[in-house]
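A.B. asks: curious how this folds, go ahead:
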Amino acid sequence: MPHQGPSIRPDRLKTLLDGVNRFGFDVETGGFNRPGFSDEDLACRAWFGDEMRKDGLRVWSDGAGNLFGRYGPDDGPCILAGSHLDTVPNGGAFDGSLGVCVALECVRTLKDAGFEPATAIEVLATSEEEGRFGGMLGSQAIAGLATADWIARARDADGVRLVDAMTLQGLDPRAILSAARPAGTIRAFLELHIEQGPVLEQDQVSVGISDQVSGVCYLEYTFNGIANHSGTTPMSMRSDAFAGLAELAHQIPQIIKQAGTDQTRITIGHVVLEPNQPHTIPGKAHFSVILRDTSESVMGMLRDMVHDRALDVARKSGLSLKSAERSWLPPVQLDADLANRLETLAGNMGLATKRMPSGAGHDAQTMQSICPSGLIFVPSRNGISHSPGEHSDWVDIERGANLFLQALIELGK
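C.D. replies: The predicted structure is shown next:
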């Protein structure tokens, strides 16, 4: 049966999301560019903080750049609600940003209805969730999982160090470790996100409830060969770094068939060739390999197999190999009781739901290490994400947002 009680205002939510997406919009591609700790990212955060202040929330940022807006009692534990505002390069309009905007819209709806939670609700926009520097910095910092060693080593695909990017924005990277929240101060974490896959749309279900999140391993490889003239060097005498990369990529389906599961994903996503000229054999191929699975043991086997195959390719192709593991986020089982409560609430609202794993990493998986965490999905049109073609229908967004609202009411009592 339909739910009773307050409902979010979709028009107000859309206006808020449109405001976020003024920052970093690319008129040529239709995509959005707010990489973590970029000018556009920081400007968006400042604007969103001002929006929360206008709503009477107590607003602050921590040492990792996470943005908070608190509604309810000044003291005591809280319910954290939100997601992230940063994007991948040329990303979509909904990834992360929708979850932050839904959290604030729900608080606005509660204020309009005169509902004052017994447990405070903190709207959260985490910093650097998209992994520009190899992890999910904001939620890792809140959970106390960021280490001084990782912070010192972290850099992006272009070689920019995390500490330098933060310093350039007037932020002190030494303060990241101070962002860890004391035990017991967060009662639960709730995140709404687009699915970023085709399952909900295919099954014609408006709401997904994730009960587990795949782990992510970020590997970095470099094949070094010999740059040489493409016309005078016989094929049998080449040390072609790109040919080595292509051979390794060709073996990925076989690796998955031997050691993977139906949840395995292996992606070579970032490639730099040198000298990258039409008439020169590539002497260097620098590339990323991202491994994902819901089993940590499977992830370990996949990592070892990829490395062994890379060594074998290098040996056979006359190449040298450099490798590094930039980050390892283990798979996580989200809180079963919270997932059950979300499912029950959805049933009370007359919403069909689907329990499902998440192949993409989310702040919820990190937050689960310190508090019960719940993750609500809304469908993605054609399963497209991380591109300008990303879209979710507003009828589905409204249903997911109202479930999020009812969950906050339930958790805030």
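
A.B. asks: switch to C-alpha atoms for all contacts and neighbour counts from now on
C.D. replies: Will do.

A.B. asks: so for stretch 63-72, what gets flagged as buried?
C.D. replies: For stretch 63-72, burial by neighbour count (16 or more other Cα atoms under 10 Å) applies to 63, 64, 65, 66, 67, 68, 69, 70, 71, 72.

A.B. asks: show me what the fifth one is bridged to.
C.D. replies: The reference is to residue 67. Going by DSSP bridges, residue 67 is paired in beta bridges with residue 61, residue 125.

A.B. asks: does it touch residue 60 like I think?
C.D. replies: Yes: using Cα atoms under 8 Å, residue 67 is in contact with residue 60, at 6.0 Å.

A.B. asks: shared neighbours of the two, which are they?
C.D. replies: Residues touching both residue 67 and residue 60 (Cα atoms under 8 Å, 6 or more residues apart in numbering) are residue 49.

A.B. asks: so, low pLDDT: which residues of the chain?
C.D. replies: Scanning the chain with the threshold set as pLDDT under 70 gives 1-4.

A.B. asks: report the longest helix in it, please.
C.D. replies: helix 296-317 (DSSP state H).

A.B. asks: just checking, what packs against that helix?
C.D. replies: In this structure, helix 296-317 packs against strand 215-224, helix 241-250, helix 252-259, strand 284-293, strand 320-329, with contacts taken as 3 or more Cα pairs under 8 Å, 6 or more residues apart in numbering; DSSP states H and E.

A.B. asks: of all these, which lies closest to residue 39?
C.D. replies: Nearest of the helices and strands packed on helix 296-317 to residue 39, taken as Cα to Cα: strand 320-329 at 24.5 Å.

A.B. asks: convert the C-alpha atoms of the closest one to CSV, please.
C.D. replies: Extracted in CSV, the C-alpha atoms of strand 320-329 (Å, rounded to 0.1, in the frame of the first residue of the first chain):
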residue,chain,number,x,y,z
SER,A,320,61.1,-5.0,-19.0
LEU,A,321,58.3,-4.6,-16.5
LYS,A,322,57.6,-2.2,-13.6
SER,A,323,54.6,-2.7,-11.4
ALA,A,324,52.9,-1.2,-8.4
GLU,A,325,49.8,-1.8,-6.4
ARG,A,326,48.3,1.7,-5.8
SER,A,327,45.4,0.6,-3.7
TRP,A,328,43.4,-2.4,-2.3
LEU,A,329,39.8,-2.0,-1.1
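
A.B. asks: quick one, that strand and strand 284-293 angle?
C.D. replies: If you take axes from the mean of the first three to the mean of the last three Cα atoms, to 10 degrees, strand 320-329 sits at 30 degrees to strand 284-293.

A.B. asks: buried ones in strand 320-329?
C.D. replies: 320, 321, 323, 326, 327, 328, 329.

A.B. asks: go on, stretch 165-181?
C.D. replies: In stretch 165-181, counting by 16+ other Cα under 10 Å, buried: 165, 166, 171, 173, 176, 177, 179, 180.

A.B. asks: got the end-to-end distance for that stretch?
C.D. replies: 24 Å (Cα to Cα, to the nearest Å).

A.B. asks: residue 317 contacts residue 240, correct?
C.D. replies: Yes: Residue 317 is in contact with residue 240 according to Cα under 8 Å; the separation is 7.4 Å.

A.B. asks: who's more crowded, the two?
C.D. replies: residue 240 (25 against 20; other Cα atoms under 10 Å).

A.B. asks: the helices and strands packed on helix 296-317 into JSON lines, with extra columns for distance to residue 345?
C.D. replies: As requested, the helices and strands packed on helix 296-317 are exported to JSON lines (distance: least, Cα to Cα, whole Å):
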{"stretch": "strand 215-224", "distance to residue 345": "28"}
{"stretch": "helix 241-250", "distance to residue 345": "45"}
{"stretch": "helix 252-259", "distance to residue 345": "38"}
{"stretch": "strand 284-293", "distance to residue 345": "29"}
{"stretch": "strand 320-329", "distance to residue 345": "30"}
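
A.B. asks: so which of these gets nearest residue 202?
C.D. replies: Using Cα to Cα, the nearest of the helices and strands packed on helix 296-317 to residue 202 is strand 284-293, at 21.8 Å.

A.B. asks: got CSV for the buried residues of strand 320-329, with distance to residue 127 too?
C.D. replies: Formatted as CSV, the buried residues of strand 320-329 follow (distance: Cα to Cα, whole Å):
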residue, distance to residue 127
320, 37
321, 33
323, 27
326, 18
327, 17
328, 18
329, 17
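
A.B. asks: all strands for the stretch 51-200 of the chain, in order.
C.D. replies: For the stretch 51-200 of the chain, the strands defined by DSSP state E, counting those that start in this stretch occupy 58-61, 67-71, 78-84, 120-126, 186-194.

A.B. asks: any chance of the ones you listed in a markdown table, plus distance to residue 384?
C.D. replies: Formatted as a markdown table, the strands of the stretch 51-200 of the chain follow (distance: least, Cα to Cα, whole Å):
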| stretch | distance to residue 384 |
| --- | --- |
| strand 58-61 | 32 |
| strand 67-71 | 28 |
| strand 78-84 | 18 |
| strand 120-126 | 23 |
| strand 186-194 | 10 |
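
A.B. asks: what is the neighbour count of the nearest residue to residue 26 once chain neighbours are set aside?
C.D. replies: In space, and not counting its chain neighbours, residue 26 is closest to residue 32: 5.9 Å by Cα to Cα, 6 or more residues apart in numbering. Residue 32: 25 surrounding residues under other Cα under 10 Å.

A.B. asks: so what's residue 32 up against?
C.D. replies: Contacts of residue 32 by Cα under 8 Å, 6+ apart are 21, 23-26, 87-93, 388.

A.B. asks: now do residue 78
C.D. replies: Per Cα under 8 Å, 6+ apart, neighbours of residue 78: 119, 120, 121, 122, 185, 186, 187, 188.
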